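[1] dropping the sequence and predicted coords here.
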Amino acid sequence: EPEVTQTPSHQVTQMGQEVILRCVPISNHLYFYWYRQILGQKVEFLVSFYNNEISEKSEIFDDQFSVERPDGSNFTLKIRSTKLEDSAMYFCASRLPGQAYEQYFGPGTRLTVT
Amino acid sequence: AQSVAQPEDQVNVAEGNPLTVKCTYSVSGNPYLFWYVQYPNRGLQFLLKYITGDNLVKGSYGFEAEFNKSQTSFHLKKPSALVSDSALYFCAVRLDRGSYKLIFGSGTRLLVRP
């Protein structure tokens, strides 16, 4: 069964450094998402992406964040200058077109900012 | 604003007994409702969804959920719990328009004792 994959599984970085989290969505999916889950808290929506552009973003997704789909398969989330409060589990998700379809989530990348 | 409430942080049930994990929602417009399960150090796995039609929906691993529009609820149920059902369960709501982002509840930890 096709799966969403994410790399790395765990990333440790120093405050102020740039990180790129990578995702490979399911191949025939067209809608892509990033969510994050701070330890012990809710899963929160960050951004949705369709047709090579952002379709919606949350208040969390400020100028320090960016997304792109550089090669038609990978979907990346970049944080330009990480802060301690960016430490969280980051989940990528994808889905088929059509409003009836559910999102499929990757296993997540645990980002630790020190 | 859309929101999801899972009033119980934890549900304890004996193996073989029925289980219920509660979820209520608040949206303007037609809700699309989902249940996801998260096992330790894993991503979110899709269990089931309500889009339209029958109020009782069946999903993976013997789980089912009942949509109740008047009570704005979407409780997850299983007739006979297994120890392996022990995990973190998330209810989520999505509108029938826009980017289809998911709004998650805070999660309920299900503990099934042998």
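    Now that the structure is in, tell me what you want to look at.
[2] next to chain B, which bits of chain A? Give me the list.
    A:4, A:6, A:31, A:33, A:35, A:41-45, A:48, A:50, A:55-56, A:58, A:91, A:93, A:95, A:99-100, A:102-108 (CB under 8 Å from any CB of the partner chain). For every residue, glycine as well, the C-beta is placed using N, CA and C.
[3] burial measure for the residue of chain B found nearest chain A, as a count.
    The minimum distance from chain B to chain A, using CB to the nearest CB, falls at B:Ser99 (3.7 Å). B:Ser99 has 18 neighbouring residues, counting by other CB atoms under 10 Å in any protein chain shown.
[4] now the spatially most central residue of chain A: closest residue in space, sequence neighbours ignored.
    Closest to where the C-alpha atoms of chain A average out (CA atoms, centre = their mean) is A:Trp34, at 3.2 Å. Nearest residue to A:Trp34, sequence neighbours excluded (CB to CB, 6 or more residues apart in numbering or on different chains): A:Leu46, at 4.3 Å.
[5] can you classify that neighbour by secondary structure?
    strand (DSSP: H, G, I helix; E, B strand; the rest coil).
[6] check the one 10 residues further on too.
    State at A:Glu56, reduced to three classes by three-state DSSP: strand.
[7] so what pLDDT did the residue with the largest distance to the centre of chain A get?
    Relative to the centre of chain A, the most outlying C-alpha is that of A:Ala100, 21.9 Å out, by CA atoms, centre = their mean. Here the pLDDT value assigned to A:Ala100 is 81.
[8] what is the three-state secondary structure of it?
    Following three-state DSSP, we place A:Ala100 in the coil state.
[9] in contact with B:Pro79, which residues?
    B:Pro18, B:Gly62 (CB atoms under 8 Å, 6 or more residues apart in numbering or on different chains).
[10] so which bits of chain B are right by chain A?
    Going by CB under 8 Å from any CB, the residues of chain B near chain A are B:32, B:34, B:36, B:42-46, B:49, B:51, B:90, B:92, B:96, B:98-107.
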